[in-house]
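[1] fold the following, please.
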Amino acid sequence: MEGFSHILKRQRDFFQTGRTKDVSFRIEALTSLGDMIRSHETDIMTALKKDLNKSDFDSYISEMGILLEEIRFTLKHIRDWTQPRKVKTTMTQLGSKAYIYSEPYGIALIISPWNYPLQLAIAPLIGAIAAGNCAVLKPSELTPETSKLMADLINKTFPEEYVSVVQGDADTTQLLLKEKFDYIFFTGSVSVGKVIMEAAAKYLTPVTLELGGKSPCIVHHDADLKLAAKRIAWGKFINAGQTCVAPDYLYVHKDIKEQFLKTFKETIIDLYEDIVKKGEFTRIVSERHFNRVTGLLSSGEILHGGNYSKDTLTIEPTVLGSVTWDDPVMQEEIFGPVLPVLEYENESAMIQNINDHPKPLALYIFSESKEFQDAILDSISFGGGCINDTVMHLSSPYLPFGGVGESGIGAYHGRGSFDVFSHQKSILKQTTTFDLPFRYPNRKDALKQIKRFIK
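    Here you go, the predicted structure:
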């Protein structure tokens, strides 16, 4: 299979013209990207329906709407972000001025996943463009309709030497990783993230890895159970649970567990029963993933749901009880509409159990107690999350989104997207009006003078 050095050469030649660094050029590109999404809304919804059976509602709120808001926010702030930022100097740098310049890395490789095939491809592209880079985008082969449409639209919107889309399977990704990119942005599984990082090490290419993990959702005894049930059900079962920040398991306080589960089941029926019956519930992306998720249903006891159809690759919202940390469903990220429930009574033991496992991408706390909220936030390391809500933190351009440890490296969204694709170049502008003599070794009292400044 042919490599992709020809694409990189064309992009590097284009980048070296300096056009992508012009702020007006970036603004024009971002505006075109927004126009592309708006003018092809129906086409995008159709493609997402074919790939994942997504409803128009889900397609807009979880894919297009987020992107349009991200573009709007970036356009509003980009002129400020691209200005050199003046910072303070020290006493030993008397007479000087210090600045931080944000400069683009050059050619960025963006490898995106299948679960939100438009959003998770275009969101980092917004950052790459805003920072002044060229980009090669590799979408997932598991959502072929959306990937093909995205390739066609981007090809019509941007020249290949600026933004290029490469379609293909894992072999294509391996070939891309053999090229010398200036930055790699990957969203996907922990296992593939390790492969990406290993490949990047060859050229010491900087990376951002947006991965996943088992994100806990804690329901304390003082939580608003009805509201918690609704927000947890929505956060878990949107996109059929195929969301990197979906609650992966519930930790419910023993005192309210029975009451909460009753409310939770009623909420699932209210929100999703009709959608499932009408065949409008999002499907699992492939037969392999479907078999993996249905295989987890043997863990514990099915408290609600559990039905599935291999013909349509759909699994109804399912709740599992009598689950332990040793069950298969607790050994991997579920990435499907299956939610296991654990109970706790001792807060310290619950915190310890979470900390005994890899750091999660997200964590959610449902409680009215600030003391309890602070105890969780202070005791557990995780990427980000919500108090009395789920998933919504990733929709704010003011909150950098990313993981920690095995759940990821780096963060983006809003200013974070611009920063992640920018090298921070530090510059000290020194005065020529005078020259401090004690910095030089031939002055007898140099050490004494320096110590007056440095105490």
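[2] is it true that residue 330 touches residue 341?
    No. Assessed by Cβ atoms under 8 Å, residue 330 is found out of contact with residue 341, at 11.0 Å. Every C-beta, even on glycine, is put in place using the N, C-alpha and C of the backbone.
[3] and stretch 278-292, which residues are buried?
    280-285, 289-290 (16 or more other Cβ atoms under 10 Å).
[4] any chance of CSV for the residues you listed, columns distance to residue 323, secondary structure and pLDDT?
    Shown next, in CSV, are those (distance: Cβ to Cβ, whole Å; DSSP: H, G, I helix; E, B strand; the rest coil; pLDDT from 0 to 100):
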residue, distance to residue 323, secondary structure, pLDDT
280, 29, coil, 95
281, 23, coil, 97
282, 24, coil, 97
283, 25, coil, 97
284, 21, coil, 97
285, 25, coil, 96
289, 21, helix, 97
290, 21, helix, 98
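[5] in these, find the pair that's most separated.
    280 and 289 (19.6 Å; Cβ to Cβ).
[6] name the secondary structure element that contains residue 69.
    Counting by DSSP states H and E, the element that carries residue 69 is helix 65-81.
[7] for that helix, the averaged confidence score.
    The average of the pLDDT scores along helix 65-81 is 97.
[8] swap in stretch 425-434?
    Computed over stretch 425-434, the average pLDDT equals 94.
[9] give me the common contacts of residue 330 and residue 341.
    Residues touching both residue 330 and residue 341 by Cβ atoms under 8 Å, 6 or more residues apart in numbering: 249, 323.
[10] what's the spacing between the closest residue to residue 212 other than its chain neighbours and residue 55?
    Take residue 212 and drop its neighbours on the chain: the residue closest to it by Cβ to Cβ, 6 or more residues apart in numbering is residue 244, 4.5 Å away. The gap separating residue 244 from residue 55 is 20 Å, by Cβ to Cβ, to the nearest Å.
[11] of those two, who's got more company?
    residue 244 (28 against 17; other Cβ atoms under 10 Å).
[12] tell me the contacts of the more buried one?
    115, 187, 210-212, 361-362.
[13] could you identify the buried members of those?
    115, 187, 210-212, 361-362.
[14] would TSV of the residues you listed with distance to residue 390 and pLDDT be doable?
    TSV is the format used below for those (distance: Cβ to Cβ, whole Å; pLDDT from 0 to 100):
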residue	distance to residue 390	pLDDT
115	16	96
187	19	97
210	18	96
211	19	96
212	15	91
361	12	97
362	8	98
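[15] for the residues you listed, which one is nearest residue 393?
    Nearest member of the buried ones among the contacts of residue 244 to residue 393, counting by Cβ to Cβ, is residue 362, at 7.6 Å.
[16] now the closest one: phi and psi?
    phi -140, psi 160 (degrees, to the nearest 10).
[17] quick one: it and residue 189, what's the gap?
    Residue 362 is 16 Å from residue 189, by Cβ to Cβ.
[18] go on, residue 366?
    Taken as Cβ to Cβ, the span from residue 366 to residue 189 is 28 Å.
[19] hang on, the earlier thing: tell me if I am right that the residue nearest to residue 212 is in a strand.
    No. Counting by DSSP: H, G, I helix; E, B strand; the rest coil, residue 244 is not part of a strand but coil.
[20] need phi/psi at it.
    Dihedral pair for residue 244: phi -60, psi -30, per degrees, to the nearest 10.
[21] quick one: pLDDT of it?
    Looking at residue 244, the pLDDT reads 95.
[22] just residue 452 next, same as before
    pLDDT at residue 452 comes out at 73.
[23] same list (the buried residues of stretch 278-292) but as TSV, adding distance to residue 18.
    Below are the buried residues of stretch 278-292 laid out as TSV (distance: Cβ to Cβ, whole Å):
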residue	distance to residue 18
280	49
281	50
282	44
283	46
284	46
285	41
289	44
290	49
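[24] tell me which of the residues you listed is nearest to residue 254?
    Nearest to residue 254, judged by Cβ to Cβ, of the buried residues of stretch 278-292 is residue 281 at 31.8 Å.
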